[in-house]
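In: Here is the input, now give the coordinates:
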Amino acid sequence: MASITDPEVQSFLTQGTRTGKFAYLSAAGRPLVAPIWYIVEDEDLIFNTGKDTVKGQYLARDRRVCVCVDLEQEPYGFVQIQGQANLSEDPGELLRTATAIAARYVGPDRAQELGQRNGVPGELVV
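Out: So this is what the prediction gives:
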């Protein structure tokens, strides 16, 4: 099994603006999947979510995570990451990661705007 530190995996995860698919369980035990925007830093796949969202509530109950990132055209492929989530509500880290994620998906021109909108109290760095 390859690791997130593998250069091929890193390249796959950081090419373009693929979305991750975050798998989790609702409080009632139903399996759910939600798209996420993410960045990769060292050995970590990082995303933000609201503390009071279904994803945030799940993470408060269970830190086990599974994220799949796929290539939806030929040659097709995917990377699945399973692990234990670390959560942070640190204001500086929220703003930094929200801005970096926004830069990846909407470009540098709107990164500050979206970073300030999304890097606020009530959000989590996962």
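In: need the helices for this structure, in chain order.
Out: Per DSSP state H, the chain carries helices over the ranges 7-14, 54-61, 91-106, 108-118.
In: For the spatially most central residue of the chain, give its distance to Phe12.
Out: With distances taken as Cα atoms, centre = their mean, Phe47 lies nearest the centre of the chain, 3.0 Å away. Going from Phe47 to Phe12 by Cβ to Cβ, to the nearest Å gives 17 Å. Every residue, glycine included, has its C-beta placed from N, CA and C.
In: Pull the number of nearby residues for the nearest residue to Ala103 once chain neighbours are set aside.
Out: Spatial nearest neighbour of Ala103, excluding adjacent residues (Cβ to Cβ, 6 or more residues apart in numbering): Ala111 at 3.7 Å. Residues lying near Ala111 (other Cβ atoms under 10 Å) number 18.
In: Quick check: Ala111 vs Glu41, distance?
Out: Distance, Ala111 to Glu41, using Cβ to Cβ: 16 Å.
In: hang on, the earlier thing: doesn't Val40 make contact with the residue nearest to the centre of the chain?
Out: No: using Cβ atoms under 8 Å as the test, Phe47 is too far from Val40 to be in contact (10.4 Å).
In: Noted, bye for now.
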